[in-house]
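Chemist: below is the structure, and that's it, no one-letter string:
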């Protein structure tokens, strides 16, 4: 599995496994299946309410801790108590150290994300977190944070898929040394039906999902597909072995349609509590 080196020297598996919307009672089994399929990067969040299941799967796997990369995220309604919220996530996961901790959404109407970042910088300095980052931050949010930050975010996890690429934001982040991580990388399945994707998949004898994931990987993007089906997990994992031609990559890039699926970070203000 290819790895990327973040701006603080920490390495992250480029292809991970997300557990968004995995029910708490199913999470341990799903994550155990993902680990068995070969994934070593697991992405969860306090808002998903399944951190304990992720932790149980890690404990049951027998995989050495240093071989795993675990991400979780700060809930919007807890930005004013980031230190305590982090400790709750750490306890739920049953881990001494979290590899990557993200502010889940900026929620600019609260005006608290810079305060939360300062608390996260302390946790990072205390070596309770190996890398700190952000999620769903648009350019103005990034600029506001950087004016106060001592630590440049290692990652910005944003919605990216062929029909919604946020290329300007992604390029700006990379210019700043912030790695781009794509959630909803398949457009929640909607982008799998594109004719260009089907043609590339047929040419390589692979699945449409593998084609889109390979497109992400070729751009140096970290990507976290989700599936509760163990067969599909393995298929997705195989995207790391697929190399697309420049013309094939360009055909998928041409699918850009500005089709955001998730909430708009400029106005999103839900608490996640």
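Modeler: That came in fine, so what should we check first? These figures come from a predicted structure and were not determined experimentally.
Chemist: what mean pLDDT does stretch 118-135 have?
Modeler: Mean per-residue pLDDT for stretch 118-135: 98.
Chemist: buried sites along that stretch?
Modeler: Buried positions in stretch 118-135, judged by neighbour count with 16 or more other C-beta atoms under 10 Å: 119-121, 123-124, 128-135. Using the backbone N, CA and C atoms, a C-beta is placed for each residue, glycine as well.
Chemist: ok, stretch 24-40 next?
Modeler: Quick answer for stretch 24-40 (16+ other C-beta under 10 Å): 27-35, 37, 39-40.
Chemist: make TSV from the residues you listed and add secondary structure, distance to residue 168 and pLDDT to it.
Modeler: Below are those laid out as TSV (DSSP: H, G, I helix; E, B strand; the rest coil; distance: C-beta to C-beta, whole Å; pLDDT from 0 to 100):
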residue	secondary structure	distance to residue 168	pLDDT
27	helix	35	98
28	helix	40	98
29	helix	40	98
30	helix	35	98
31	helix	34	98
32	helix	39	98
33	helix	37	98
34	helix	32	98
35	helix	36	98
37	helix	34	97
39	coil	30	98
40	coil	31	98
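Chemist: out of those residues, flag the one nearest to residue 1.
Modeler: Nearest to residue 1 out of the buried residues of stretch 24-40 is residue 40 (C-beta to C-beta; 6.9 Å).
Chemist: distance check, the closest one against residue 66.
Modeler: 10 Å (C-beta to C-beta, to the nearest Å).
Chemist: where does the residue nearest to residue 24 when sequence neighbours are not counted fall, phi/psi-wise?
Modeler: The shortest distance from residue 24 to any non-neighbouring residue, by C-beta to C-beta, 6 or more residues apart in numbering, is to residue 50 (4.7 Å). Here is the backbone geometry of residue 50 (degrees, to the nearest 10): phi -140, psi 20.
Chemist: how many neighbours does residue 50 have?
Modeler: Using other C-beta atoms under 10 Å, residue 50 has 25 neighbouring residues.
Chemist: out of the buried residues of stretch 118-135, which are inside strands?
Modeler: Of the buried residues of stretch 118-135, the ones assigned to strands by DSSP state E are 129-135.
Chemist: list the beta-bridge partners for residue 133.
Modeler: On the basis of DSSP bridges, residue 133 is bridged to residue 102.
Chemist: quick one: contacts for residue 188?
Modeler: residue 261 (C-beta atoms under 8 Å, 6 or more residues apart in numbering).
Chemist: show the pLDDT at it.
Modeler: pLDDT recorded at residue 188 is 95.
Chemist: show me where the stretch 51-200 of the chain has helices.
Modeler: Using DSSP state H, counting those that start in this stretch, the helices of the stretch 51-200 of the chain run over residues 51-61, 82-93, 113-125, 139-148, 167-175, 195-204.
Chemist: which elements pack onto the fifth one?
Modeler: With contacts defined as 3 or more C-beta pairs under 8 Å, 6 or more residues apart in numbering; DSSP states H and E, the packing partners of helix 167-175 are helix 139-148, strand 155-159, strand 179-183.
Chemist: residue 252 is nearest to which of these?
Modeler: So among those, strand 179-183 is nearest, using C-beta to C-beta, at 13.1 Å.
Chemist: contact partners of that closest one?
Modeler: Counting by C-beta under 8 Å, 6+ apart, residues outside strand 179-183 touching it are 4, 6-7, 12, 18, 20, 43, 133, 135, 154-161, 170, 173-174, 216, 220-224, 262.
Chemist: ok now that strand, how far from the chain's centre?
Modeler: Here the centre of strand 179-183 is set off from its chain's centre by 6 Å, with C-alpha atoms, centre = their mean, to the nearest Å.
Chemist: and stretch 120-129, by the same measure?
Modeler: For stretch 120-129, the distance to the chain centre is 20 Å (C-alpha atoms, centre = their mean).
Chemist: first-to-last residue distance for it?
Modeler: For stretch 120-129, the first-to-last residue distance is 8 Å (C-alpha to C-alpha, to the nearest Å).
Chemist: where does pLDDT dip in this structure?
Modeler: Along the chain, the model assigns pLDDT under 70 to no residue.
Chemist: which residues does the most far-flung residue of it relative to its centre contact?
Modeler: Residue farthest from the centre of the chain, counting by C-alpha atoms, centre = their mean, is residue 203 at 29.0 Å. Going by C-beta under 8 Å, 6+ apart, residue 203 touches residue 248.
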